[in-house]
Each structure stands twice: as C-alpha cells, then as structure tokens.
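Undergrad: Predicted coordinates and the sequence they were generated for:
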Amino acid sequence: MQLAIVIGSVWSTRKEERLIGQKLMIVKPVNLLNETSTLPCIAIDTVGAGIGEKVIIAGGNAARIAANNTQLPVDLAIVGIVDDEEVDKRYL
C-alpha cells in the first residue's frame, strides 16, 4: 500500500465491460513528506474518494480484492481515505 493524492477523475464511454459502473480516479503517489514520487496513475475508487483527498492505494491482486471482483482488469485501487497522519521525521 502507498499514500497518494487524488488529482482528477476519468470518464470513458467505451471501456472493458467489467469496468462499467466503476469510478476511475487519477492519483499521484506521494512519500511521507508529501512529495510526489512517481507519475500519476489511474485507480479504481472503492471508497468514494474526492479530488484533493489523500488516500491509500493498493496494487496488483489486492486492488482486485478491494473491488470485490478478482476478475476485474485493474491493478490499482483506492482502498482508504486518510483522515490524519503522524510521522516522526527523525526516522525519515
């Protein structure tokens, strides 16, 4: 799992049939200092996240399990919305 910021939404009128009805969001992974660490990605939203929220993302099979469908063609899912966090920066 990893932290990310939701930076946008994706709409698609034509897509793989199993993705119909699924909400797709653009997320930008961040490190513990809130610095972006990679390019933005598209994730299926399983928790109702909104743009600007910090979220927890999971990849691979964990993403399909979070969506309650191991046959979904996804490799990244939003699995939590971060309310708050505390990091002891001495260990970074």
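TA: Looks like it came in fine. Numbers count the residues shown, from 1 in each chain.
Undergrad: CA atoms for contacts and neighbours, from now on please.
TA: Fine.
Undergrad: what's the neighbour count on the closest residue to residue 59 other than its chain neighbours?
TA: Of all residues not flanking residue 59 in the chain, residue 76 sits nearest, at 4.3 Å (CA to CA, 6 or more residues apart in numbering). Around residue 76 sit 23 other residues, with neighbours defined as other CA atoms under 10 Å.
Undergrad: Next: residue 11.
TA: For residue 11, which is what you asked about, the neighbour count (other CA under 10 Å) is 10.
Undergrad: Report the separation between it and residue 86.
TA: 34 Å (CA to CA, to the nearest Å).
Undergrad: Return the residues in contact with the spatially most central residue of the chain.
TA: Here the mean C-alpha position of the chain is nearest to the C-alpha of residue 78 (CA atoms, centre = their mean), at a distance of 3.3 Å. If you count contacts by CA atoms under 8 Å, 6 or more residues apart in numbering, residue 78 has them with 43-47, 49, 55-58, 63.
Undergrad: Just the buried residues of these.
TA: In the contacts of residue 78, burial by neighbour count holds for 43-46, 49, 55-58, 63, counting by 16 or more other CA atoms under 10 Å.
Undergrad: For the residues you listed, name the two members farthest from one another.
TA: Distances among those were taken as CA to CA; the most separated pair is 49 and 63, at 15.1 Å.
Undergrad: For this structure, which segments count as helices?
TA: In the chain, helices defined by DSSP state H lie at 61-66, listed in chain order.
Undergrad: Partner strands of the longest strand anywhere in it, with direction?
TA: Taking DSSP state E as the assignment, the strand of the chain that covers the most residues is strand 2-10. Each strand that pairs with strand 2-10, with its direction, by DSSP bridges: strand 24-30 (antiparallel), strand 54-59 (antiparallel).
Undergrad: for it, what is the average pLDDT?
TA: If you average the pLDDT over strand 2-10, you get 97.
Undergrad: From the chain's centroid, how far away is that strand?
TA: Average the C-alpha atoms of strand 2-10, do the same for its chain, and the two points are 6 Å apart (CA atoms, centre = their mean, to the nearest Å).
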